[in-house]
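Asks: Provided below are the primary sequence and the corresponding predicted coordinates.
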Amino acid sequence: MRTDAETIKLTVADKSWTFELRSGSEGPDVIDIGSLYDKTGMFAYDPGFTSTASCESAVTFIDGDEGVLRYRGYNIDQLVKQRSYTDVCYLLLNGELPELEQSKEFESHITYHTLVHEQMSHFFRGFRRDAHPMAIMTGVVGALSAFYHDSTDITDPQQRQVASMRLIAKVPTLAAMAYKYSVGQPFVFPKNDLDYSANFLRMCFAVPSEDYASDPVLARAIDRIFMLHADHEQNASTSVVRSAGSSGANPFACIAAGIACLWGPAHGGANEAVLKMLESIETPDNIPSFIERAKKKDDIFRVMGFGHRVYKNYDPRANIMRETCHEVLDHLGIHNHPLFEIALELERRALSEEYFISKRLYPNIDFYSGITLRALGFPTNMFTVLFAVARTVGWVAQWNEMIDDPKRKIARPRQLYTGSQERHI
Ligand code: ACO
């Protein structure tokens, strides 16, 4: 960390202004341009925020060039191999990994909140059976604020704590209900002697007419998927959660806003898009023409699951996801899975193409998560819902950090106006 204050000088014609240069604990320095308009009468212009740090954060660190992802300083591969999703939740929320007793206590707090208000189940009947489960999730998660009034006062740390636990605990229950509703099966209540991920799989796949035995390998796979998706610093949906929260909106409404943003195919909807793409390729023989199309400048078509705004190297989550995908397919005895074969061949070919090399387009996490989720039994339209379940803790941790930030301001960007100048009728 740099200790001596350094400045950067901006010169326009014969005028100059200085701005402070600030360093974090890792990562690129930032130029503090908070006073840019006051000093110069000009705004900064940065569509898509490609060069803008919107906040200070101590939650997650990414080095896109090196392919590094760390939660609170811990590398993602260590966490995934040695800890559980609920431990990762504790870490993201509290800054430290839990000791054994803390871990048990945290898990039992979460478990305590997994049931949703019974009246919420009536909400579901208002949706068409064929509604996309993400459409249902944006509605029902926002509706939590109509049921849990005692945890919507953001100025009360105790209420924020309760809302945080409620969200992490209830979003999987709602996600499983959205799935059950879409397949016309009865809702399955949470079972509190199961861990978070086993409980989620049971709520999705158990039926009242049969015994359900939890499969530890599959529960571990979903736990890993949850850990890999738990947070990713200031991505689009997290920025939306922070933006919504900056106005003082309640946490349930903010997380619903994050879910809406996550749904898009350039973000959380990508794993769904990857699977549809692999299915449409049909056979490895069609891969070359597919790649040729993605390279065409005048065609908006892209290879889904490739490329990332931040990672210009292999996405560190993609390696673990690939391993998990193999484990699940082996465990389920799915050999020579056609989609997996197409995926491997597509990856091999794309990575040897000059176009992908020069643009530094590598597989991202979504490239393998779709195949794994399909093998676990989830239909394609549930993929982004699972991402939302996992990311809820990241949104909640970042939202809490924003509320605690003494420099918090309402998010209110400005614009470069290009419309008509004043005119008269
Ligand atoms: N296939 C083909 N070309 C691509 C791809 C792709 N998947 N991704 C980027 N490119 C090309 C663009 O056409 C562009 O080319 P140009 O410079 O000749 O115009 C160049 O690479 C840079 O692309 P941008 O869109 O400017 O890069 P950006 O950082 O804004 O986009 C994004 C990142 C949205 C992820 C993009 O790579 C993409 O659309 N990928 C496919 C969707 C996807 O997998 N999304 C998941 C993201 S990860 C997540 O949300 C968990």
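Replies: Received, thanks. Please read these numbers as outputs of a predicted model, since none were measured by experiment.
Asks: how many neighbours does F383 have?
Replies: The burial metric for F383, expressed as a neighbour count using other CB atoms under 10 Å, is 26. No exception for glycine: its C-beta is placed from N, CA and C like everyone else's.
Asks: Can you classify it as helix, strand or coil?
Replies: helix (DSSP: H, G, I helix; E, B strand; the rest coil).
Asks: Just the buried residues of the helix or strand harbouring K104, please?
Replies: Assigned by DSSP states H and E, K104 belongs to helix 100-112. Buried positions in helix 100-112, judged by neighbour count with 16 or more other CB atoms under 10 Å: S103, F106, E107, H109, I110, T111.
Asks: Mind pulling up the pLDDT for the last one?
Replies: Translated: T111. Reading off the per-residue confidence, T111 sits at a pLDDT of 90.
Asks: Surely it and F200 touch.
Replies: No - T111 is not in contact with F200 according to CB atoms under 8 Å; the separation is 12.0 Å.
Asks: interface residues of this structure facing the ligand?
Replies: Contact residues, the chain versus the ligand (CB under 6 Å from any ligand atom): 266-268, 270, 294, 302-309, 359, 361, 364-366.
Asks: make it 5 Å
Replies: 266-267, 270, 294, 302-307, 309, 359, 364 (CB under 5 Å from any ligand atom).
Asks: Tabulate these in CSV, adding columns for distance to V141, pLDDT and secondary structure.
Replies: As requested, the residues of the chain next to the ligand are exported to CSV (distance: CB to CB, whole Å; pLDDT from 0 to 100; DSSP: H, G, I helix; E, B strand; the rest coil):
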residue, distance to V141, pLDDT, secondary structure
A266, 21, 84, coil
H267, 17, 85, coil
A270, 21, 82, helix
A294, 34, 91, helix
R302, 29, 91, coil
V303, 31, 92, coil
M304, 26, 91, coil
G305, 26, 90, coil
F306, 30, 92, strand
G307, 29, 91, coil
R309, 25, 83, coil
K359, 36, 93, coil
N364, 25, 88, coil
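Asks: Of those residues, just say which sits nearest to the ligand.
Replies: For these, the minimum distance to the ligand (CB to the nearest ligand atom) is 2.4 Å, reached by G307.
Asks: Spatially nearest residue to I76, not counting backbone neighbours?
Replies: Spatial nearest neighbour of I76, excluding adjacent residues (CB to CB, 6 or more residues apart in numbering): L69 at 4.4 Å.
Asks: can you list contacts of the helix holding K104?
Replies: Applying CB atoms under 8 Å, 6 or more residues apart in numbering, the set of residues contacting helix 100-112 from outside is 84, 86-87, 89-90, 98, 165, 168-169, 190, 192, 195-196, 199.
Asks: Which among the residues you listed count as buried?
Replies: Among the contacts of helix 100-112, the ones that count as buried by 16+ other CB under 10 Å are 84, 86-87, 89-90, 98, 165, 168-169, 190, 195-196, 199.
Asks: Next, give me the two most distant ones among those.
Replies: Maximum pairwise distance in those, criterion CB to CB, is 21.3 Å, between P98 and P190.
Asks: ok, the residue of the stretch 51-200 of the chain found nearest the ligand - contacts?
Replies: The ligand sits closest to G64 of the stretch 51-200 of the chain, with a gap of 9.7 Å, by CB to the nearest ligand atom. If you count contacts by CB under 8 Å, 6+ apart, G64 has them with H308, V310, Y311, K312, N313.
Asks: give the contact list for the third one.
Replies: Y311 sits next to I62, G64, G67, Y362, N364 when contact means CB under 8 Å, 6+ apart.
Asks: The same query, at a cut-off of 7 Å, please.
Replies: G64, G67, Y362, N364 (CB atoms under 7 Å, 6 or more residues apart in numbering).
Asks: Skip the chain neighbours and tell me the closest residue to K276.
Replies: The shortest distance from K276 to any residue other than its chain neighbours is 6.7 Å, reached at T380 (CB to CB, 6+ apart).
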